[in-house]
Each structure stands twice: as structure tokens, then as C-alpha cells.
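Enquirer: My questions concern the predicted model and sequence given below.
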Amino acid sequence: MPGREPDTADTLESDGLIKQQGKDVVVLKPDDLRVIAWQLGANEYCRAHGMPLPFPDLADVQVTEGQ
């Protein structure tokens, strides 16, 4: 939606899409586009900062700028 803030773990959890368990995240709705976008963003952040990917199953998906 235009003007919508990016999702956080807290917003996704409040909408029943994920569940936080300490440092772990259980994805309840893996096909939801909001969840996928959040996972890709988390992976990109970690990749850029040399950290392990939190969602390695999505490791082959690269975020690129539109052309």
C-alpha cells in the first residue's frame, strides 16, 4: 500500500503471520507477500553487514533495483 511503513517482526506477529520465540522466528504464513518481503529484507541487511542469513532457505533470492 502506498505510504505504508515497512513491516517489522512485531507487526507481522500482531497480524498472526509469524511468531517470535526468543531469538527464533516461526513463520506461520510462508506464502504471505508481507512475510516474504520482510524475510528478503532481513537477509539483505545481514548480507550487507556480513552476518549470517536469518532465512537461509531464501539465500538464492537476490534483491535488485528495478530498471
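Expert: Now that the structure is in, tell me what you want to look at.

Enquirer: For the longest helix anywhere in the chain, list every residue counted as buried.
Expert: Secondary structure of the chain read by DSSP state H shows that its longest helix is helix 33-48. For helix 33-48, the neighbour count (16 or more other CB atoms under 10 Å) marks Arg34, Val35, Ile36, Trp38, Gln39, Ala42, Asn43 as buried. No exception for glycine: its C-beta is placed from N, CA and C like everyone else's.

Enquirer: Pull the contacting residues for the one residue sitting closest to the centre of the chain.
Expert: For the chain, the residue nearest the mean C-alpha position is Gln39 (1.9 Å; CA atoms, centre = their mean). The contact partners of Gln39, taken as CB atoms under 8 Å, 6 or more residues apart in numbering, are Val27, Pro54, Phe55, Leu58.

Enquirer: Go through those residues and flag which are in strands.
Expert: Per DSSP state E, strands hold the following members of the contacts of Gln39: Val27.

Enquirer: Export the contacts of Gln39 to a markdown table and append columns for neighbour count and pLDDT.
Expert: A markdown table is the format used below for those (neighbours: other CB atoms under 10 Å; pLDDT from 0 to 100):
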| residue | neighbour count | pLDDT |
| --- | --- | --- |
| Val27 | 17 | 94 |
| Pro54 | 14 | 93 |
| Phe55 | 19 | 92 |
| Leu58 | 14 | 86 |
